[in-house]
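Undergrad: here is my input, please return the structure:
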Amino acid sequence: MIQEMDTISQGTESVTLTEEQDGKVKEDSESDKDLYLFSLNESLQIHKEMVERVQGEKDDVEEECERVMAEEQAEMAKAKQVVLVKQQQHIEERMRLETIYNQLKNELELKECEFRRMEGKFQSHLKSAKATEDDLMMVQNKFNSLLNEISDFCGVLEYDNDDIVSWSLSDDLETVNWWIEAWMIQVMIEDILDTPIQPGVEINNAFGKMYEWVKKRNVSWATRIRQQMTTFMTRQPNEVEVERAKDDIVNKIIERLNSVVMNGVDKEKVKDIVERAVQLNLALKSQDAMIDKVTIEEGNVFDANMMISVSGEEGSVSLVISPPFMKQQAVQSSTPEKKTSWWNRKKQQPVSPLTLEEQRILRKVKSRAHFLDRGLSCCCFQVGFDGLVGFIPVIGDFIGVLLAIQLVYIAMSLELPNELVSKMMFNIAFDFVIRLD
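TA: I've put the predicted structure just below:
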């Protein structure tokens with residue numbers, strides 16, 4: 001009984017222990033569950049905070065991006081506005097420049113038209129002041145044509161051998177033609193080309209002297225006088241004296257050639273040659289540059305630069321058929337110059353573009369200037385032409401100023417520019433003030 005009770009008691013204890021254990025287990029399970037839930041809650045809370053923090057950072061980043069993009073867009077809009085404004089300004093500036101360009105272009109075209117009109121009038125005036133419109137090339141062609149016509153004329157003549165030998169000292173037909181050709185050209189030069197105006201003009205000698213007198217003092221004036229006089233003569237058609245002089249030249253040539261020619265001379269041909277020479281003379285005297293013959297003496301050395309040999313031989317010149325013609329500036333005699341020692345050689349003075357009156361005034365100004373510059377200062381005294389010896393040298397300075405002003409007055413007769421006169425007066429005043437100091 002007692003054992004059974006013990007057994008029952010033992011069983012009860014066992015059961016009791018088991019219930020306690022179950023309670024503990026339950027408590028432990030609830031604790032674990034609570035801990036798990038707490039842990040889960042904590043994890044969720046942490047995750048939530050992390051998500052909120054990430055979301056906040058994301059929102060901040062997005063907000064910053066939006067702000068930056070808004071600022072960039074504002075700057076771009078502002079830059080675009082500036083570009084549009086500058087572009088508009090450039091368009092307006094371009095339109096303004098195009099307007100100015102068109103105005104200047106129109107003005108230039110008007111000025112060019114005006115210049116062409118003035119140039120046309122000027123050329124017309126020059127042509128009206130000249131007897132002919134021939135230029136240097138046309139003059140050369142006329143001269144060559146005259147020489148060819150004289151050569152052809154002499155080539156068909158038939159000569160009497162006895163008379164021609166006594167005249168030309170040769171019986172060779174070609175040499176005789178050269179002699180006759182040279183004689184006819186010499187007649188053209190002496191009787192026509194060398195005349196101051198035209199053959200037969202009564203005032204030839206007087207005009208020649210006046211032309212040379214003016215030419216020594218002013219070449220351009222002499223050229224205009226020569227052209228005007230030549231033009232005046234061409235506007236006097238059928239002048240009796242000129243026609244008579246041309247007939248005299250024709251008769252002179254025919255009379256001389258008839259003494260050596262067997263079949264007679266064609267008078268019309270000679271008249272045509274003389275008329276050509278007269279027209280050549282008008283063309284020569286109408287040029288701005290005086291064209292004159294170059295003196296070539298027989299016996300000189302042949303110069304291929306300015307001579308043409310009709311025989312094809314070179315050496316010394318035995319006969320000058322026609323002398324060359326050149327501009328007066330380039331005319332030089334082919335006669336050899338006389339050699340001089342180096343100590344006797346003088347430097348050739350250049351031709352002055354000033355007139356004789358201008359040269360005289362400049363020499364006077366130069367001598368006066370040297371006169372004023374001469375002086376000597378010693379021990380506070382000024383000795384010289386621009387000062388007075390004494391205790392008050394200021395008087396000399398005043399006299400120097402008056403003489404300098406007189407010098408400027410003399411120089412002003414040359415029509416000096418106002419700027420140069422002002423500089424001269426300033427130098428005088430500055431020099432006077434410096435001397436007073």
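Undergrad: who's the closest spatial neighbour of residue 243, skipping the chain neighbours?
TA: Nearest residue to residue 243, sequence neighbours excluded (CB to CB, 6 or more residues apart in numbering): residue 200, at 7.4 Å. Quick note: C-beta positions are derived from backbone N, CA and C, even for glycine.
Undergrad: and the one you found, how far from residue 176?
TA: As for residue 200, its distance to residue 176 is 31 Å (criterion: CB to CB, to the nearest Å).
Undergrad: circling back to that earlier point, the residue nearest to residue 243 - how many residues pack around it?
TA: For residue 200, the neighbour count with other CB atoms under 10 Å is 19.
Undergrad: and what about it, helix, strand or coil?
TA: coil (DSSP: H, G, I helix; E, B strand; the rest coil).
Undergrad: likewise residue 263?
TA: Residue 263 ends up coil, using three-state DSSP.
Undergrad: distance check, it against residue 269.
TA: Taking CB to CB, one finds residue 263 at 13 Å from residue 269.
Undergrad: quick one, which of the two is more surrounded?
TA: More crowded of residue 263 and residue 269, by other CB under 10 Å: residue 269, with 14 against 9.
Undergrad: name the nearest residue to that one, ignoring sequence neighbours.
TA: In space, residue 269 is closest to residue 153, 5.7 Å off (CB to CB, 6+ apart).
Undergrad: gap between the two ends of stretch 233-241?
TA: With CA to CA, to the nearest Å as the measure, stretch 233-241 spans 11 Å from end to end.
Undergrad: how about that stretch: buried residues?
TA: Going by neighbour count (16 or more other CB atoms under 10 Å), the buried part of stretch 233-241 is residue 233.
Undergrad: equivalent analysis for stretch 251-266, please.
TA: Quick answer for stretch 251-266 (16+ other CB under 10 Å): 253-254, 256-257, 260-261, 265.
Undergrad: next, count neighbours for the residue nearest to residue 269.
TA: Using other CB under 10 Å: residue 153 sits among 21 other residues.
Undergrad: isn't it right up against residue 271?
TA: No: at 11.5 Å, residue 153 does not count as touching residue 271 under the criterion of CB atoms under 8 Å.
Undergrad: ok, back up a step: mutual contacts of residue 263 and residue 269, please.
TA: Residues touching both residue 263 and residue 269 by CB atoms under 8 Å, 6 or more residues apart in numbering: none at all.
Undergrad: tell me which element residue 119 falls in.
TA: helix 2-129 (DSSP states H and E).
Undergrad: and the next helix or strand past that helix?
TA: Taking DSSP H and E, what comes next after helix 2-129 is helix 136-155.
Undergrad: what helices and strands are in contact with that following helix?
TA: helix 173-188, helix 267-285 (3 or more CB pairs under 8 Å, 6 or more residues apart in numbering; DSSP states H and E).
Undergrad: and the nearest residue to residue 317 once chain neighbours are set aside, what are its phi and psi?
TA: Counting by CB to CB, 6+ apart, residue 317 lies nearest to residue 300, which is 5.0 Å off, once chain neighbours are set aside. For residue 300, the backbone dihedrals (degrees, to the nearest 10) come out as phi -70, psi 160.
Undergrad: distance of residue 300 relative to residue 179?
TA: Taken as CB to CB, the span from residue 300 to residue 179 is 19 Å.
Undergrad: looking at those two, which is more packed in?
TA: residue 179 (20 against 16).
Undergrad: thought the more buried one was touching residue 320?
TA: No: here residue 179 does not reach residue 320: they are 11.2 Å apart, not a contact under CB under 8 Å.
Undergrad: need the per-residue pLDDT for residue 101.
TA: Note on residue 101: pLDDT of 92.
Undergrad: weakest of the helices and strands packed on helix 136-155 in terms of mean pLDDT?
TA: Here the helices and strands packed on helix 136-155 differ in mean pLDDT, and the lowest is helix 173-188 at a mean of 81.
Undergrad: need the CA coordinates for it. CSV is fine.
TA: C-alpha atoms of helix 173-188 as CSV (Å, rounded to 0.1, in the frame of the first residue of the first chain):
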residue,chain,number,x,y,z
LEU,A,173,74.1,102.1,-158.4
GLU,A,174,73.3,101.0,-154.8
THR,A,175,75.8,103.4,-153.4
VAL,A,176,74.3,106.2,-155.6
ASN,A,177,70.8,105.4,-154.3
TRP,A,178,72.2,105.7,-150.7
TRP,A,179,73.7,109.1,-151.5
ILE,A,180,70.5,110.4,-153.1
GLU,A,181,68.4,109.0,-150.2
ALA,A,182,70.7,110.6,-147.6
TRP,A,183,70.6,114.0,-149.5
MET,A,184,66.7,113.9,-149.6
ILE,A,185,66.4,113.1,-145.9
GLN,A,186,68.9,115.9,-145.1
VAL,A,187,66.6,118.3,-147.1
MET,A,188,63.6,117.0,-145.2
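Undergrad: mind listing what's buried along it?
TA: 175-185, 187-188.
Undergrad: could those go into CSV alongside distance to residue 85?
TA: What follows is the buried residues of helix 173-188, written out as CSV (distance: CB to CB, whole Å):
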residue, distance to residue 85
175, 96
176, 98
177, 93
178, 91
179, 95
180, 94
181, 89
182, 90
183, 93
184, 89
185, 85
187, 89
188, 84
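Undergrad: report the two of those residues separated the most.
TA: Using CB to CB, those reach their maximum pairwise distance at 175 and 188, which is 20.5 Å.
Undergrad: where in the stretch 301-437 of the chain is pLDDT low?
TA: Within the stretch 301-437 of the chain, the set of residues satisfying pLDDT under 70 comprises 304, 310-315, 318, 328-362, 367-401, 413-417, 430, 432-437.
Undergrad: ditto for the stretch 101-250 of the chain
TA: In the stretch 101-250 of the chain (pLDDT under 70), the answer is 122-123, 125-134, 159-174, 237-238.
Undergrad: and residue 281, what does it touch?
TA: Applying CB under 8 Å, 6+ apart, the residues contacting residue 281 are 192-193, 195, 198.
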